[in-house]
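Undergrad: Below are the sequence and a predicted model for it; my questions follow.
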Amino acid sequence: MRADGRLLERYGDAQEEFEHRGGYDLEARAQAVLTGLGIGPDDYNRPVEEFSGGWKMRIALARILTLNPDVLLLDEPTNHLDVESIIWLEEWLSTDFKGAVLMTSHDRDFMNRLVTRIIEVANRTVTTYGGNYDFYLREREIRREQLLASYRRQQEMLAKEEEFIARFAARASHAAQVQSRVKKLEKIERIELPPEQRQIRFEFAEPPRSGDDVVKIDGLAKRWPRPDGGEKSVFGGVTGLIRRQEKIAVVGVNGAGKSTFLKVLAGQTEPSEGSATLGASVNLGYFSQHAMDLLDPKRTVFETVQEAIPLASIGVVRNLCAAFLFTGDDVDKRIDKLSGGEKSRVVLATLLARPINFLILDEPTNHLDIQSREILLEALQKFTGTVVLVSHDRHFLRSLVNRVFEVDHGEMRVYEGDYEYYLHKSGQDHRAA
């Protein structure tokens, strides 16, 4: 009986712990998290190995969120999410999750909506800022200006003291004063300015002028074969015109067909029906994560960029590499030794090297830090050619695009306005605000 009693007591404790941790709601919670991250009921029972790398990252994130821990450590949680899923994650973390969150992120909007403290790790020091990311930028600039002012005042004082010492060092009558000032200088803690952070610094050369009609789209459709022998419609019946100097965002949930649409425009895949015809004097450049995989792993950074501009001098190639942060021995790094962000910069450098007036960009910011994203954004704002892009960076879209194509359930809707206009007209502004 004693053994039975102990067993019942352990069972009661386990049941209490199970209830405390939300065990009875586990399945419902898991389904809610999966759905929020874009994984629908049809995929609940699919083996994980059938999913691509990006979707496996979502599943791993869903698993952690479902556990509802006290502390969440998140490393770039938005990298493989579409805008809808990012907005859902924002809402979940801000309203449903009661624990603490420590994360790294390059998503400016995401941080502005969630974080209350920023911890900056730089120059062998850790600095804490109270507030969101925009507050951090303002406060960091204020502190930098204050440090610079203090540094200048100290340098002026040091120069005067050193001038006095040099002037009177040989005079016995001033020996005590000189010695006093030498000791004073030895005790002063010198203010050091942090080194300037390297950034991508480039701008597109003036591209050759294309015709006013960059792409004419007529009855465009794309379908993929299904395992059962049928076909799945990605999008269909798309007719329209992409005009010179437009900057267009292609939006929609993951799997809606955004990247496929870009591939059709870029001539990377054939449409099932209709056509997308380039206009007069259009020079097309296409960037995608897949393009990173096409880099020759045995080539160096220098060789890869030089291949894009074979007639350019060594100096021109080195300057272009330097604009994308490859300086000194970095240009001799092999592609297979580079990080994802470095490979992304190499592909962007090869695009920049050519006289392009029509850019098709599929998630160009995915592996770039915030500063590099801002530099790329500024360059695209000044770019006098035409841009069509897919991005989940809402700050990037708000600041750049003047037209939006939405892919939704096999259809494409065109919004003749910027990203804010699209959010308002599509009824999503209350969620993305």
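TA: On my side now, so go ahead. Residues are numbered from 1 along each chain as shown.

Undergrad: worst-scoring helix or strand of this structure, pLDDT-wise?
TA: helix 429-432 (a mean of 54; mean pLDDT, DSSP states H and E).

Undergrad: what about the nearest residue to residue 115 once chain neighbours are set aside, neighbour count?
TA: Leaving aside its chain neighbours, residue 115 sits nearest to residue 132 (5.5 Å; criterion: C-beta to C-beta, 6 or more residues apart in numbering). No exception for glycine: its C-beta is placed from N, CA and C like everyone else's. Look at residue 132: counted by other C-beta atoms under 10 Å, it has 17 neighbours.

Undergrad: ok now do residue 132, which residues does it touch?
TA: 111-116, 118 (C-beta atoms under 8 Å, 6 or more residues apart in numbering).

Undergrad: any idea how far residue 76 is from it?
TA: As defined by C-beta to C-beta, to the nearest Å, residue 132 lies at a distance of 18 Å from residue 76.

Undergrad: and residue 305, what does it touch?
TA: 317, 320-321, 346, 349-350, 353.

Undergrad: Low-confidence ranges, the stretch 1-150 of the chain, go.
TA: Within the stretch 1-150 of the chain, the ranges that satisfy pLDDT under 70 run 1-3, 21-22, 52-53.

Undergrad: so where do the strands sit in it?
TA: Along the stretch 1-150 of the chain, counting by DSSP state E, counting those that start in this stretch, strands occupy 71-75, 100-104, 117-122, 125-130.

Undergrad: What residues sit buried inside the second one?
TA: Okay, so that is strand 100-104. residue 103 (16 or more other C-beta atoms under 10 Å).

Undergrad: so residue 408 bridges to which residues?
TA: residue 411 (DSSP bridges).

Undergrad: Please look at it and residue 255 and confirm they touch.
TA: No. Counting by C-beta atoms under 8 Å, residue 255 is not a contact partner of residue 408; they are 11.2 Å apart.

Undergrad: For stretch 395-415, give the mean pLDDT please.
TA: The average of the pLDDT scores along stretch 395-415 is 90.

Undergrad: Please apply the same query to stretch 265-282.
TA: Computed over stretch 265-282, the mean pLDDT rounds to 93.

Undergrad: So for that stretch, what gets flagged as buried?
TA: Across stretch 265-282, burial judged by 16+ other C-beta under 10 Å covers 265-266, 268, 271-272, 274, 276, 278-279, 282.

Undergrad: In the protein, which helix is the longest?
TA: helix 133-168 (DSSP state H).

Undergrad: Does anything pack onto that helix? Which helices or strands?
TA: Counting contacts by 3 or more C-beta pairs under 8 Å, 6 or more residues apart in numbering; DSSP states H and E, helix 133-168 is packed against helix 108-114, strand 117-122, strand 125-130, helix 175-187.

Undergrad: Excluding chain neighbours, what is closest to residue 135?
TA: residue 129 (6.8 Å).

Undergrad: Tell me the spacing between that neighbour and residue 117.
TA: Distance of residue 129 to residue 117, given as C-beta to C-beta: 7 Å.

Undergrad: Over to residue 371?
TA: As judged by C-beta to C-beta, residue 371 and residue 117 stand 20 Å apart.

Undergrad: Now for residue 260: which residues touch it?
TA: 222, 234-235, 269.

Undergrad: Can you add secondary structure and distance to residue 297 and give those back as JSON lines?
TA: JSON lines is the format used below for the contacts of residue 260 (DSSP: H, G, I helix; E, B strand; the rest coil; distance: C-beta to C-beta, whole Å):
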{"residue": "222", "secondary structure": "strand", "distance to residue 297": "31"}
{"residue": "234", "secondary structure": "strand", "distance to residue 297": "31"}
{"residue": "235", "secondary structure": "strand", "distance to residue 297": "34"}
{"residue": "269", "secondary structure": "coil", "distance to residue 297": "24"}
